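K.L.:
Have a look at this fold, sequence not included:
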């Protein structure tokens, strides 16, 4: 609300009236409504009533009252906590139905604390202050949410196990919620895996040594899999022992998807690490089509037959040209994708390597060349001498800017290529999982379900990130993650005392925070309010 003067002309004279006005949102527009009239300005001045009116208005306006008290040094600070991200991600949490769902799932449990708020705190911690539960129990004191006030370290441990037990119910509810919110049938499914490792003790027979994508071969680890919709929203996460190869994870995932989510026709999209004859056969037997990336250099059929096939590319975009190739004797359909921009980059990178080889050959550094795999692939070695092999250089150039897909679908080649490009969402997903929500390393050493609950909390955090990015994309906005967290975190909740009264004040919005709140649908709190 605010005070507005209105000029009126009557009987040849001009009068100014003061009104209290409020803005209201009606039918998509801001409309103003007069709440009350303070009278004529000249009368207020003549009778000395204006100062009294202003004083009374200030007494009823917490913001002005507190600003005056602050200037006079009369405010007593009680607490100062981060508020913006709680409102931002809390709005997404509620939109997904997680608040109501988790309260219903825990209704009959005698936790002695608010499980839903604990689950939200676990998820929010992954986004703002990743780390151990001990660290989380201290972090929670720096965040403004009335529901966090009574949460303690022991509650973190107790909540994790229960969260994992309800994993499938939560995933299925989120899946249905996604269909309701976005009205999209699940026709393309993306699947990828990564690993996470343990610090300290773990359990032999469950966490195992394996091929570490974190470059920690001496640490026990788990393999994590995420199934995702084509719009970037996760569907489910799975956990396997650390020595499980990627190609072995696909079959149980394919078998489980249809049963759990009652899927009709699904096209499974996955990268080259998932490809094996047994996997692809299992996918087809389960009634699924697939789009998979192929290893171009190692597979003879792709290298010598598919890539060698003549024919013109169809230009889809500046950075994507496609060509369809059939291997008729085996009834296999391939789509070659070519990116001219990447081809030029590959050519420059190769030329830089060749220039280094020439320099080392000129200086007599043959032994160093032979010991370097990146250099050796372009060399012809004869005893103690080496020269650049022009045939190998030419062969390498065949792959510049290209990748090859194999598919059983009847989708046009363009749609096949575009569907596979969506797999980059999965790659971004893992970067978010590791770099933003920090699923690695794992510090739990007591119960397996606590470890699994920790991973599932990361999955929920990932879901919130994906939903936020979807909303930004729909609004045609691109904002860096660090900037979003920094600017939203700059909005703080400050509780102060003035006399015998307590007030909650918020700091001003900064940077992109206002835009984020608008896109997500967060109602910005007043600058000050009594508590």
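P.N.:
Thanks, I have the structure now. If you're wondering where the values come from, they're calculated on a predicted model, not measured in any experiment.
K.L.:
contacting residues around stretch 78-92?
P.N.:
Residues from elsewhere that reach stretch 78-92 (Cβ atoms under 8 Å, 6 or more residues apart in numbering): 120, 123-124, 127-128, 141-145, 464, 467-468, 485, 487-497, 502, 506, 513, 516-517, 520-522, 525. Heads up, the C-betas are built off the backbone N, CA and C, glycines and all.
K.L.:
Can you flag the buried ones in those residues?
P.N.:
120, 123-124, 127-128, 143-145, 464, 467-468, 485, 487-496, 506, 513, 516-517, 520, 522 (16 or more other Cβ atoms under 10 Å).
K.L.:
Surely residue 155 and residue 117 touch.
P.N.:
No: in this structure, residue 155 is not within contact of residue 117 by Cβ atoms under 8 Å, at 9.4 Å.
K.L.:
Look at residue 41 and say how many residues are nearby.
P.N.:
For residue 41, the count of nearby residues is 16 (other Cβ atoms under 10 Å).
K.L.:
So for it, what's the nearest residue that isn't a sequence neighbour?
P.N.:
Spatial nearest neighbour of residue 41, excluding adjacent residues (Cβ to Cβ, 6 or more residues apart in numbering): residue 16 at 4.2 Å.
K.L.:
tell me, what residue is most central in the chain?
P.N.:
residue 465 (3.0 Å; Cα atoms, centre = their mean).
K.L.:
tally of neighbours for residue 458?
P.N.:
27.
K.L.:
I meant residue 292, not that one.
P.N.:
24.
K.L.:
Same question for residue 457.
P.N.:
26.
K.L.:
same deal with residue 362?
P.N.:
8.
K.L.:
Against residue 388, how distant is it?
P.N.:
12 Å (Cβ to Cβ, to the nearest Å).
K.L.:
State the pLDDT value of residue 14.
P.N.:
Looking at residue 14, its pLDDT is 82.
K.L.:
Run through the neighbouring helices and strands of the one helix or strand it maps to.
P.N.:
Element membership of residue 14 [criterion: DSSP states H and E] is strand 13-26. Applying 3 or more Cβ pairs under 8 Å, 6 or more residues apart in numbering; DSSP states H and E, we find strand 13-26 packed against strand 2-10, strand 29-40, helix 41-47.
K.L.:
Show me which residues of it are buried.
P.N.:
17, 18, 19.
K.L.:
and which of those residues is nearest to residue 281?
P.N.:
residue 19 (77.6 Å; Cβ to Cβ).
K.L.:
can you pull up the bridge partners for the closest one?
P.N.:
Per DSSP bridges, the residues bridged to residue 19 are residue 4, residue 37.
K.L.:
ok, residue 118 - contacts?
P.N.:
Per Cβ under 8 Å, 6+ apart, neighbours of residue 118: 151, 155, 156, 159.
K.L.:
three-state assignment of the closest residue to it other than its chain neighbours?
P.N.:
Setting aside the residues directly before and after it, residue 118 is nearest to residue 159 in space (Cβ to Cβ, 6+ apart), at 4.2 Å. Three-state call for residue 159 (DSSP: H, G, I helix; E, B strand; the rest coil): helix.
K.L.:
Use 16 as the first number from now on
P.N.:
Sounds good: first residue 16 from here, last item residue 174.
K.L.:
List the residues that contact residue 174.
P.N.:
126, 130, 133, 134, 137, 468.
K.L.:
Return the subset of those lying in helices.
P.N.:
Counting by DSSP state H, these place 130, 133, 134, 137, 468 in helices.
K.L.:
Residue 58 versus the residue lying closest to residue 21 once chain neighbours are set aside, what's the distance?
P.N.:
Distance criterion Cβ to Cβ, 6+ apart; nearest residue to residue 21, sequence neighbours excluded, is residue 32 at 5.0 Å. As defined by Cβ to Cβ, residue 32 lies at a distance of 10 Å from residue 58.
K.L.:
And for residue 502?
P.N.:
When residue 502 is compared with residue 58 (using Cβ to Cβ), they lie 47 Å apart.
K.L.:
Helices of the stretch 316-465 of the chain, start to end?
P.N.:
In the stretch 316-465 of the chain, the helices defined using DSSP state H, counting those that start in this stretch lie at 355-378, 381-385, 388-391, 405-412, 428-436, 439-446, 463-489.
K.L.:
what do you get for the stretch 116-265 of the chain?
P.N.:
Under the criterion DSSP H, counting those that start in this stretch, helices of the stretch 116-265 of the chain are mapped to 130-143, 148-154, 168-180, 182-197, 261-276.
K.L.:
Show me how the chain divides into domains.
P.N.:
16-75, 356-412 (automatic domain parsing).
K.L.:
The contacts of stretch 93-107 in strands, which ones?
P.N.:
If you go by DSSP state E, the contacts of stretch 93-107 have 507, 508, 509, 510, 511, 512, 517, 521 in strands.
K.L.:
Export the residues you listed as a markdown table, with columns for pLDDT and distance to residue 327.
P.N.:
As requested, the ones in strands among the contacts of stretch 93-107 are arranged in a markdown table below (pLDDT from 0 to 100; distance: Cβ to Cβ, whole Å):
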| residue | pLDDT | distance to residue 327 |
| --- | --- | --- |
| 507 | 94 | 60 |
| 508 | 93 | 62 |
| 509 | 89 | 66 |
| 510 | 87 | 69 |
| 511 | 84 | 72 |
| 512 | 82 | 76 |
| 517 | 84 | 74 |
| 521 | 88 | 61 |
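K.L.:
Closest one of those residues to residue 412?
P.N.:
residue 507 (56.7 Å).
K.L.:
Would you mind confirming that that closest one makes contact with residue 522?
P.N.:
Yes: assessed by Cβ under 8 Å, residue 507 is found in contact with residue 522 at 4.7 Å.
K.L.:
List phi and psi for residue 281.
P.N.:
phi -130, psi 140 (degrees, to the nearest 10).
K.L.:
Pull the number of nearby residues for it.
P.N.:
Residue 281: 21 neighbours (other Cβ under 10 Å).
K.L.:
Please tell me I have it right and it contacts residue 273.
P.N.:
Yes: contact criterion Cβ under 8 Å: residue 281 and residue 273 qualify, at 7.3 Å.
K.L.:
for residue 509, what are its contacts?
P.N.:
Here residue 509 is in contact with 92, 94, 95, 519, 520, 521, 522 (criterion: Cβ under 8 Å, 6+ apart).
K.L.:
Could you work out the most separated pair of the residues you listed?
P.N.:
92 and 521 (14.3 Å).
K.L.:
Let me know the pLDDT of residue 68.
P.N.:
So, for residue 68, pLDDT stands at 64.
K.L.:
That should have said residue 198, apologies.
P.N.:
pLDDT at residue 198 comes out at 59.
K.L.:
same check, this time on residue 545
P.N.:
Note on residue 545: pLDDT of 80.
K.L.:
Equivalent analysis for residue 44, please.
P.N.:
On the pLDDT scale, residue 44 gets 70.
K.L.:
Please name the bridge partners of it.
P.N.:
residue 41.
K.L.:
For it, the count of nearby residues, please.
P.N.:
7.
K.L.:
With residue 126 as the reference, measure out to residue 169.
P.N.:
10 Å.
K.L.:
What separation do you get for residue 522 and residue 97?
P.N.:
From residue 522 to residue 97 the distance is 10 Å (Cβ to Cβ).
K.L.:
So for these two, which residues contact both of them?
P.N.:
506, 507.
K.L.:
contacting residues for residue 359?
P.N.:
residue 416.
K.L.:
Looking at it now. What's its pLDDT?
P.N.:
93.
K.L.:
Ok, residue 25 next?
P.N.:
At residue 25, pLDDT is 76.
K.L.:
Show me the beta-bridge partners of it.
P.N.:
Beta-bridge partners of residue 25, as defined by DSSP bridges: residue 28.
K.L.:
Please determine how far it is located from residue 55.
P.N.:
11 Å.
K.L.:
what does residue 370 give?
P.N.:
From residue 370 to residue 55 the distance is 86 Å (Cβ to Cβ).
K.L.:
Neighbour count: these two, which is higher?
P.N.:
The residue with more neighbours, out of residue 370 and residue 55, is residue 55; 14 against 10, by other Cβ under 10 Å.
K.L.:
Neighbour-wise, give me the winner out of the contacts of residue 509.
P.N.:
residue 520 (22 neighbours).
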